[in-house]
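In: Sequence and predicted structure, then a few things I'm wondering about:
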Amino acid sequence: MTGEILVRGPALSEEIRNYIKNHILTNQMKPGDLLPPENQLMADLGVGRSSVREAVKALQSLGIVEVQRGNGLYVRQANFDPILESLSYNMRFDPRIFAEVLEIRVWLESAVIEDAVMRINDEDIVRLEDVLRMWEQRIALAEPHAALDQQFHDILYAPLKNRTLVQLFQVFWLAFNSLDDETIQSGDPALGLTEHRDIFAAVKSRNPVLARQRLLAHFSHVQQRIERATGQD
């Protein structure tokens with residue numbers, strides 16, 4: 001797939017980006033595959049080095065390609081990094097967005113938890129129990145435990161075997177953890193643990209309806225704290 005690009009100006013970078021994306025799709029390239037070198041792109045498209053580099057930089061920011069210095073240009077694994085960067089900035093710019101992002105997370109988790117409960121196996125149940133045990137120990141020692149909260153939810157939804165859903169949840173966790181607001185991050189550690197134990201009890205008994213109810217009850221308390229922190233109560 002070659003052919004000189006005739007447009008110039010602002011449209012040039014977009015044309016080069018489209019060419020590279022179409023090259024990836026047409027050749028059914030996979031993450032980690034090597035793309036044509038810079039000089040070849042210049043020759044094939046009849047454009048200058050600066051134009052190619054501008055287009056590549058834009059594709060990097062979108063998480064589509066990865067430049068390895070000295071090694072070349074590679075197809076990147078699908079990711080939500082651009083969304084994460086945008087969310088992290090926007091939540092600092094307008095704290096109300098934090099509450100909206102949390103609401104999206106509540107909608108997603110409450111929509112899938114019943115399926116997760118029906119698919120979870122005994123090994124995952126044991127793993128959840130281990131997380132809760134470590135969580136209790138860390139609270140007793142006044143040690144950080146946010147990572148265990150995330151681990152609990154990761155294990156819970158792993159049986160769904162949906163990589164995109166897992167990555168989307170990762171975006172939410174990373175965005176939340178990037179915030180510095182102590183009011184948002186704080187809460188009653190014992191209450192959080194108790195609510196997760198309640199969710200676990202419903203999961204262990206394979207009661208999807210009860211698990212969803214207890215998940216929503218937990219998120220209701222979290223949302224109240226967020227609303228107070230953002231002045232929406």
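Out: Alright, I've got the coordinates. Numbers count the residues shown, from 1 in each chain.

In: On the three-state scheme, residue 142 is what?
Out: Classification of residue 142 using DSSP: H, G, I helix; E, B strand; the rest coil returns coil.

In: what's the neighbour count on it?
Out: By other Cβ atoms under 10 Å, the residues close to residue 142 number 8. C-beta coordinates here come from the backbone N, C-alpha and C atoms, glycine included.

In: got it, and residue 126?
Out: Residue 126 has 12 nearby residues by other Cβ under 10 Å.

In: who are the neighbours in contact with residue 153?
Out: 109, 169 (Cβ atoms under 8 Å, 6 or more residues apart in numbering).

In: quick check: domain ranges of the chain?
Out: Following automatic domain parsing, the chain resolves into domains at 10-75, 81-229.

In: Using CSV, please lay out these together with mean pLDDT.
Out: Shown next, in CSV, are the domains of the chain (pLDDT from 0 to 100):
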stretch, mean pLDDT
domain 10-75, 91
domain 81-229, 88
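
In: mind listing what's buried in the helix ranked longest in the chain?
Out: Of all segments of type helix in the chain, defined using DSSP state H, the longest is helix 96-119. Neighbour counts over helix 96-119 (16 or more other Cβ atoms under 10 Å) mark 97-99, 101-102, 105-106, 109, 112-114, 116-117 as buried.

In: and which of these is nearest residue 73?
Out: Nearest to residue 73 among these, counting by Cβ to Cβ, is residue 101 at 32.7 Å.

In: residue contacts, the closest one?
Out: Taking Cβ under 8 Å, 6+ apart as the test, what residue 101 contacts is 87, 91, 172, 175.

In: Can you list which of those are found in helices?
Out: Mapping these onto helices (DSSP H) picks out 87, 91, 172, 175.

In: For the first one, which non-adjacent residue is closest in space?
Out: So that's residue 87. residue 175 (4.4 Å; Cβ to Cβ, 6 or more residues apart in numbering).

In: Let me know the secondary structure of residue 67.
Out: Under the three-state scheme (three-state DSSP), the conformation of residue 67 reads as strand.

In: what bridges to it?
Out: Beta-bridge partners recorded for residue 67 (DSSP bridges): residue 73.
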